[in-house]
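K.L.:
sequence and predicted model, in that order:
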Amino acid sequence: MAEKLDKEHNLESEKEVNKDMEIDLLEIFRRMIAIRKTLYKAAGFGLIVGLIVAISIPKQYTVNVTLSPEMGNSNGNNGIAGIAASFLGSGVTMGENADALNASLSADIVSSTPFLLELFNMEVSISNQSDKITFESYLDECHSPWWNYVIGFPGIVANGVKMLFEDRVTTINKLGQGTIELTKEENKKIIYLKKNIKASIDKKTAITHISVTLQNPRVAADIADSVIHKLQKCIIDYRTFKAKEDCIYLERLFKERQEEYYTTQRKYAEYVDMNDNLILQSVRAEQERLQNDMNLAYQIYSQVANQLQVARAKVQEVKPIFAIVEPAVVPLKSSSMSGKFYVLLFMFCSVFCVTIWMLFGKDILDSLKREIKK
């Protein structure tokens, strides 16, 4: 009997709570109907603010490029270099050192200041019929929301006053003794590009994804295409630098050994011609010594020639191969949020804030004022 009474009591309490909620919801609905004109004004205000914000924010276009690198074998006994070494002798081996710079550092390379500075002098076309301008000039023409100018106005005034009192003109050297010095304008452009030019790599597949976001779709496509080609060149130059330096050194050594061999060969031939009919022991000893010098010079010359051939093959062996999976395509649609989204967002926020204030905020404020007066 006690359990039944408890259940009946709980059911009655739940019914009372539901009735109270229904009454509260009905009351809230009635109060919202009473302030509907105010909500209409709030929606209109949000509509106007949303339109202003949508018009002020420039459209952005994003170009995505996918690059698949094949970095080659670190083992020098494979591929072209291995074939060359097998033909030229087993004693001629290639190193197995892994290079420090590879495609896994694409994100760091693309976001580096020297890499972005190289893009400044690149020529881009804003439209099909327009003349080409430098990318740095295009960045000067990019638009910003009006509130950025309002916020930055005090700084602009301060810089202008500072320039009036400066008597000397400073020259900025971008590159000098391993350091980079930038002006304030150039630094702003570099920061802007670091935010809008991004690279990421999939560690499992080693595929590099590059995205470029700019206000002009054609310029974004041109810069994306330039970024992937400069990235390829940067990695290729580094990967082949050591092998090319080895080739230059071995070519110089090859010419020296070749000249040395030709010199000893000429001396031996001249001595034999001069003492052809003589049978003295001293003549034979000198002839044998010159012949040994010639043979030794030839052996060294032959070894250097073999090493040079292997080094030339190493240049091709370490050169990475890139496959552009997704090329740069001029986007047709903007990647930024549409104006409708801003309008709906501000309308919703305006109506929501006014509703909360009219239904609850005023009552809470009045109660606080009463407590303060007491």
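P.N.:
Here it is on my side, so go on.

K.L.:
okay, now stretch 26-45: how far is its last residue from its first?
P.N.:
Counting by C-alpha to C-alpha, to the nearest Å, you get 27 Å between the two ends of stretch 26-45.

K.L.:
how far does that stretch sit from the chain's center?
P.N.:
Computed by C-alpha atoms, centre = their mean, to the nearest Å, the chain-centroid distance of stretch 26-45 equals 50 Å.

K.L.:
mean confidence for that stretch?
P.N.:
On average, the pLDDT along stretch 26-45 is 79.

K.L.:
low-confidence bits of the stretch 251-374 of the chain, can you list those?
P.N.:
Residue ranges of the stretch 251-374 of the chain with pLDDT under 70: 277-279, 374.

K.L.:
which stretches of it form strands?
P.N.:
Secondary structure of the stretch 251-374 of the chain (DSSP state E, counting those that start in this stretch): strands at 321-326.

K.L.:
the helices in it, which residues?
P.N.:
According to DSSP state H, counting those that start in this stretch, the stretch 251-374 of the chain carries its helices in the segments 281-318, 339-356, 362-373.

K.L.:
please produce JSON lines containing these, extended by mean neighbour count.
P.N.:
Yep, even glycine has a C-beta here, placed from its N, CA and C like the rest. Output for the helices of the stretch 251-374 of the chain, formatted as JSON lines (neighbours: other C-beta atoms under 10 Å):
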{"stretch": "helix 281-318", "mean neighbour count": "17"}
{"stretch": "helix 339-356", "mean neighbour count": "16"}
{"stretch": "helix 362-373", "mean neighbour count": "9"}
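
K.L.:
of those helices, which is nearest residue 33?
P.N.:
Across the helices of the stretch 251-374 of the chain, residue 33 has its closest neighbour in helix 339-356 (11.7 Å, C-beta to C-beta).

K.L.:
picking up where we left off before, can I get the helices of the stretch 251-374 of the chain in CSV including distance to residue 141?
P.N.:
Output for those, formatted as CSV (distance: least, C-beta to C-beta, whole Å):
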stretch, distance to residue 141
helix 281-318, 42
helix 339-356, 22
helix 362-373, 49
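
K.L.:
out of those, which comes closest to residue 195?
P.N.:
Nearest of the helices of the stretch 251-374 of the chain (C-beta to C-beta): helix 339-356, 20.6 Å.

K.L.:
who touches the closest one?
P.N.:
32, 35, 38-39, 42-43, 45-47, 49-51, 53-55, 57 (C-beta atoms under 8 Å, 6 or more residues apart in numbering).

K.L.:
derive a ChimeraX selection command for the buried subset of those.
P.N.:
Here is the ChimeraX command that picks out the buried ones among the contacts of helix 339-356, judged by 16 or more other C-beta atoms under 10 Å:
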select :35,39,42,43,46,49,50,53,54,57
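
K.L.:
in strands, which of the contacts of helix 339-356 fall?
P.N.:
With DSSP state E as the criterion, strands contain none of these.

K.L.:
so which of the contacts of helix 339-356 belong to helices?
P.N.:
Applying DSSP state H to these, the entries found in helices are 32, 38-39, 42-43, 45-47, 49-51, 53-55.

K.L.:
tabulate those residues in TSV, adding columns for distance to residue 137.
P.N.:
Formatted as TSV, the ones in helices among the contacts of helix 339-356 follow (distance: C-beta to C-beta, whole Å):
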residue	distance to residue 137
32	55
38	50
39	49
42	44
43	43
45	40
46	38
47	37
49	34
50	33
51	31
53	28
54	28
55	25
